[in-house]
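Chemist: mind folding the following:
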Amino acid sequence: MTVSEDKFTRERLLEVWSWTDTLFSLRCTRPPEFRFRAGQFARLGLCKADGGTVWRAYSMVSAPAEEALEFFSVVVPGGEFTSELCRLKPGDTLLVERQPYGFLTLDRFPDGRDLWLLATGTGLGPFLSILRDPEVWHRFEHILLVHSVRTAGELAYREQIGELPARMRTPGGREQLQYLPLVTREAAPGTLHGRITTLLDCGELERIAGLALDPAYSRLMLCGNPQMIKDCRELLKARDLQLSLSRKPGQVAVENYW
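Modeler: Numbers count the residues shown, from 1 in each chain. Got it, this is the predicted structure:
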């Protein structure tokens, strides 16, 4: 992908930290003119040794009002982009396209009482941005964040998620947010065991949350593994929960993460 010089800015890496051997986050400077809605993504670029540039899409983890940009990434074995990205150090340069993208934003839903955020892996990223923005806390009475990973060590941002209600001074208090971590390949204390689709299909997620999925009240955002999104959409459609489109508002918004 070729992008002309006037389409991006050169930003300075501020911080890089690892969650596991393959999961890491980074924070970089933010161009003053860069504006986005919580849930959107940016195209990031890296200069290669041969003089070329490689670009990839990454959701913002940071809130729209934060001064720096934060991103959450997994190292793809042999990946042209992530193998270089994970080696960057503070002070290195990261290219950021001036234009944000994506429609996994709260304006997809004109109404709703219960917001379900269903993520696998690094699909958690845009939901963190949404939860760091005051709008979601004032719009929804109940917020349920479901994060599915293979092992408990991959539950990145777990501590920060627990601190969100106090940090955001939520109108509904600590009870407004329910965080439901799922681990698929091992049993781990304080987590659910199984896949999102399995627990959704058997009604376990609703039972634990104490809330029923209802087209009148429930709004759902899905981000992560395309197979998870496909399977969840089929399960939700059978419950009369439809994809939200610009011409026809519904109850479900999605973002395929690879």
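Chemist: and the strands in the protein?
Modeler: Counting by DSSP state E, one finds strands in the chain at the ranges 8-18, 23-28, 41-47, 53-59, 69-74, 93-97, 114-120, 142-149, 177-183, 192-193, 218-224, 252-256.
Chemist: the fifth one vs strand 53-59, what angle?
Modeler: With axes from the mean of the first three to the mean of the last three Cα atoms, to 10 degrees as the criterion, the two stretches strand 69-74 and strand 53-59 enclose an angle of 100 degrees.
Chemist: try the first one
Modeler: Between strand 8-18 and strand 53-59, the angle comes out at 60 degrees (the same axes, to 10 degrees).
Chemist: residues in contact with the closest residue to residue 90 other than its chain neighbours?
Modeler: Residue nearest to residue 90 in three dimensions, not counting chain neighbours: residue 13, with 5.4 Å by Cβ to Cβ, 6 or more residues apart in numbering. From N, CA and C alone the C-beta is placed, and that goes for glycine too. Going by Cβ atoms under 8 Å, 6 or more residues apart in numbering, residue 13 touches 26, 27, 28, 88, 89, 90, 91, 92, 93, 94.
Chemist: export those to a markdown table and tack on distance to residue 18?
Modeler: Formatted as a markdown table, those follow (distance: Cβ to Cβ, whole Å):
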| residue | distance to residue 18 |
| --- | --- |
| 26 | 10 |
| 27 | 13 |
| 28 | 16 |
| 88 | 12 |
| 89 | 13 |
| 90 | 14 |
| 91 | 18 |
| 92 | 16 |
| 93 | 20 |
| 94 | 17 |
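Chemist: could you work out the most separated pair of these?
Modeler: Maximum pairwise distance among the contacts of residue 13 (Cβ to Cβ): 14.0 Å, between 27 and 93.
Chemist: more neighbours: which of these two?
Modeler: Just comparing residue 27 and residue 93: by other Cβ atoms under 10 Å the higher neighbour count belongs to residue 27, 19 against 13.
Chemist: was I right about the more buried one contacting residue 14?
Modeler: Yes: here residue 27 reaches residue 14: they are 4.8 Å apart, a contact under Cβ atoms under 8 Å.
Chemist: and for these two, which residues touch both?
Modeler: With Cβ under 8 Å, 6+ apart, residue 27 and residue 14 have common neighbours residue 68.
Chemist: need the least confident one among the strands of the chain, by mean pLDDT.
Modeler: Mean pLDDT values for those show the minimum at strand 252-256, a mean of 88.
Chemist: hmm, who's touching that one?
Modeler: Residues contacting strand 252-256 (Cβ under 8 Å, 6+ apart): 39, 41, 59, 102-105, 108-109, 123, 126, 219-223, 226, 229, 233, 236, 241-244.
Chemist: related to what we said a few turns ago, filter the contacts of residue 13 down to the buried ones and hand me the PyMOL line.
Modeler: Here is the PyMOL command that selects the buried residues among these (16 or more other Cβ atoms under 10 Å):
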select buried, resi 26+27+28+88+94
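Chemist: residue 140: which of the contacts of residue 13 is nearest?
Modeler: residue 27 (27.4 Å).
Chemist: separation between that closest one and residue 98?
Modeler: Per Cβ to Cβ, to the nearest Å, residue 27 is found 19 Å from residue 98.
Chemist: ok, now which ones touch residue 140?
Modeler: 112, 113, 114, 115, 219.
Chemist: of all those, which comes closest to residue 213?
Modeler: Using Cβ to Cβ, the shortest approach to residue 213 within these belongs to residue 114, at 8.3 Å.
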